[in-house]
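A.B. asks: The following comprises the amino acid sequence and a computationally predicted model.
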Amino acid sequence: MKVHVSDLIPGDQIEQDAFNSHGVHILRKGTALRTQDIAKLLQHNIDFIEIAPREEQSSIAYEAPSESQDLVDKVTSQYELAFEGCEALFSEALQTGSFDEVVAEESFRPLAHTISKHKDAVSLLLMFNSDDDYTYRHSIQVGMLSYYIATWLGYSEEEAYDIGKAGYLHDIGKCKIPKEILEKPGKLTKEEFETVKLHTVYGYELIRESTDNEAIALAALQHHERMDGSGYPQRLYEDEIHPYSQICAVADVYSAMTTTRVYQSRQSMLTALRELHRLSFGKLSAKPTHAFIEQMLPNFIGKKVLLTTGEQGTIVMNNPSNYFCPLVQVGSRFIDLSRESEDETAIRDILQI
């Protein structure tokens, strides 16, 4: 019987060799299809295939490897410590004009040490995608992601820690911005936005007053600078922006896009990655941005998703021709999102684990 590839189910047996349009042999006759075999057929743009008559069989759903519960519990504990530490640092900085570097160290280093053993950054972000205070949650996410990006770029463990710490402290200057502006649900006035922009300068001053690490202070000052000179506060260009700042900028943009704020709904994680890719051509530094995307994408395989159709499925394969439109299994069906109109079928959200 002839079946469209998207209607195949694991366990189906093909009755003839499968070749793509270029005559390349893909699968042998008699193969009992697995999820990865169906994905391969879709990848090679094979539309229909002959299979043996189906007998009663159950679909073999993709199952993601489960994380060690001990590691999850430990990361959760360290996250809570980092959250409390961030709150204390912001409060002290506002009241005294500086903060205790030991508190920053004791708040972030345990988390950095633990996530170094947790390679799935996507799962971590899903675990901590809560409704806690945005500023503190965002600071922790930027710290974690900056640490990851630094390791993926080949920085030493201590350098990666410093870059993660720079991300953790990058927004500390916001402690001096009035809450009614930071939490305003509508669009900021020009004057209000100019006030918000000062958090970069305030952050630099607070960090320099509290530590002797110029690079970490520069990350606070420069994380809104852009490679084409369109950023703030100094409108710097590529060569003028410190490498730590370039990394923190990538983490900052991604975290901001994927987190709910009072004035903006969060974007799906894959949509945000696609936007980062676009920004890497002129706005964000290409090297850390592309390293981030390349390392994040494999971690989406096995994640549960909600589609715009209302259906739930599982990502089973990244599409090599369109990284941000993966192959999704919904029940016994496979949907290649690269072949679907985004107006009809797309990923609305990655579901909490």
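C.D. replies: Great, that's in hand.
A.B. asks: Flag the shaky bits of the stretch 101-250 of the chain, pLDDT-wise.
C.D. replies: Where the stretch 101-250 of the chain drops to pLDDT under 70, the residues are 130-132.
A.B. asks: check which helix or strand covers Gly154.
C.D. replies: Counting by DSSP states H and E, no helix or strand carries Gly154.
A.B. asks: cool, Lys117 as well?
C.D. replies: Per DSSP H and E, there is no helix or strand for Lys117.
A.B. asks: which ones are touching it?
C.D. replies: When contacts are counted by C-beta atoms under 8 Å, 6 or more residues apart in numbering, Lys117 touches Leu71. Backbone N, C-alpha and C define where each C-beta goes, glycine included.
A.B. asks: Over to Gly164?
C.D. replies: Contacts of Gly164 by C-beta under 8 Å, 6+ apart are Phe108, Ala112, Gly143, Met144, Ser146, Tyr147, Ala150.
A.B. asks: Could you measure from the last one over to Tyr244?
C.D. replies: For Ala150, the distance to Tyr244 under the criterion C-beta to C-beta, to the nearest Å works out to 8 Å.
A.B. asks: Please pick the buried ones from the contacts of Gly164.
C.D. replies: Neighbour counting by 16 or more other C-beta atoms under 10 Å classes Phe108, Ala112, Gly143, Met144, Ser146, Tyr147, Ala150 among those as buried.
A.B. asks: What about those, which are in strands?
C.D. replies: Using DSSP state E, the subset of these located in strands is empty.
A.B. asks: export these to a markdown table and tack on distance to Arg137?
C.D. replies: Listed next are these as a markdown table, based on distance: C-beta to C-beta, whole Å:
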| residue | distance to Arg137 |
| --- | --- |
| Phe108 | 14 |
| Ala112 | 17 |
| Gly143 | 11 |
| Met144 | 11 |
| Ser146 | 15 |
| Tyr147 | 16 |
| Ala150 | 21 |
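A.B. asks: Would you map the strands across this structure?
C.D. replies: 2-4, 18-19, 25-27, 48-50, 304-307, 312-317, 327-330, 333-336, 347-350.
A.B. asks: what would those strands look like in CSV with mean pLDDT and mean neighbour count?
C.D. replies: Below are the strands of the chain laid out as CSV (pLDDT from 0 to 100; neighbours: other C-beta atoms under 10 Å):
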stretch, mean pLDDT, mean neighbour count
strand 2-4, 84, 12
strand 18-19, 86, 17
strand 25-27, 84, 15
strand 48-50, 88, 16
strand 304-307, 94, 18
strand 312-317, 92, 21
strand 327-330, 92, 22
strand 333-336, 89, 20
strand 347-350, 91, 19
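A.B. asks: Among the ones you listed, single out whichever gets nearest to Arg137.
C.D. replies: Of all those, it is strand 347-350 that lies closest to Arg137, at 17.0 Å by C-beta to C-beta.
A.B. asks: Note down every partner strand of that closest one and its orientation.
C.D. replies: strand 304-307 (antiparallel) (DSSP bridges).
A.B. asks: can you list contacts of the partner strand?
C.D. replies: In this structure, residues lying in contact with strand 304-307 by C-beta under 8 Å, 6+ apart are 312-315, 328, 330, 335, 345-351, 353.
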